[in-house]
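Enquirer: from the sequence below, what's the structure:
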Amino acid sequence: MLLEFISKYARMAFNQPPRNKEIANGLKQLKSITEFMDLRSSLRLKSPKVLTYKTGDPLIIIKSLIDKTDIENIGVLCGGVKELFPEQFQDRLFDTCPVKYYGDELLIEDSETLVNGGGNSVIFIEGFMQKFMPQFTDYLMSSLCAAAEEVGWHPYPRLLGIRCIESLMYYPGGELRMHTDSESIFTIVIMLSRPERCFTGGDFVIKKKDDSVIKVSPNAGDAIIFDSYSLHGVDAIISGKRNVLVLELWAYQDTIMFGKRPPQSHSKVKVPVLMMSPERIYRKES
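Expert: You can find the predicted model right below:
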């Protein structure tokens, strides 16, 4: 009996739990999948980005923040994460506008009264992107800081924690109704697919303080940075697939790998710059 007891706890002490082994093996396979990606230096493309911004607006548009190689690399990483860690993938059934054909014409039903399930699918890659695409992550944060500094927004993105990084795919009829990304400071949306060629519909919509609406359709590689507390949404997709990369920055530490999109209770530790309330502290008003 004593020998059995000692043997049992010796195995527990020296052997990793099965789940830890699965994760370690999965990360090893993901490294082999991503090691041939063209990661390049975080200092690449140092020329100033073209910004679209009007003082007082809740969003900044950065033209051509990423390129075709970046988009391909993101696709490789997301595909690997989805295959090796299927729990990181979700089909989210919300905010869908039914579609139907009238003859050869695709029509959108009234999204205010009809809901048909669907919404978007998501692959959570926070932690994975920092580990397997560190140069790209650094490049993104440096570029976001430069944009924020140029228009007078604060705190700078580099001083915040990454709450989530998500690859979102919208399908015909999928939409995102007006909402806020509560508990976040900045939200960044990077377009991975080309409007008109890859999908139709799906404009990004955001509401200003005066209740007027800004509607934009960024090109592949363009990024939108906006105030997470502003009401925003995505118009219904008419055809094709709309793929975007979304980052949310908040006043707390980075979310760890497998953390998905945590609530505020995820961490009690604020980043040092944000010991004040995160609301309304970051946009330079006109």
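
Enquirer: where does pLDDT dip in the chain?
Expert: Counting by pLDDT under 70, the low-confidence segments of the chain come to 1-19, 39-48, 93-118, 264-286.

Enquirer: go again with 50.
Expert: Along the chain, segments meeting pLDDT under 50 span 2-3, 5-6, 8-16, 101-104, 106, 110-118, 273, 275-282, 284-286.

Enquirer: my read is that T52 contacts I61, right?
Expert: Yes. Judged on C-beta atoms under 8 Å, T52 makes contact with I61 at a distance of 4.0 Å. All C-beta atoms are positioned from the backbone trio N, CA, C, and that covers glycine.

Enquirer: neighbour count for those two, which is higher?
Expert: Between T52 and I61, counted using other C-beta atoms under 10 Å, the more crowded position is I61 (22 against 14).

Enquirer: please enumerate the helices of the stretch 101-250 of the chain.
Expert: 128-132, 134-151 (DSSP state H, counting those that start in this stretch).

Enquirer: can you mark which positions in the first one are buried?
Expert: To tie it back to what came earlier, the one meant is helix 128-132. By neighbour count with 16 or more other C-beta atoms under 10 Å, helix 128-132 contains the buried residues 128-130, 132.

Enquirer: grab the most central residue of this structure for me.
Expert: Centroid-nearest residue in the chain: V246, 1.9 Å away (criterion: C-alpha atoms, centre = their mean).

Enquirer: now for the residue nearest to that one when sequence neighbours are not counted, how many residues are close by?
Expert: Closest residue to V246 apart from its sequence neighbours, by C-beta to C-beta, 6 or more residues apart in numbering: E166 at 4.7 Å. Applying the criterion other C-beta under 10 Å, we find 20 residues in the vicinity of E166.

Enquirer: and E166, what are its bridge partners?
Expert: Per DSSP bridges, the residues bridged to E166 are F124, V246.
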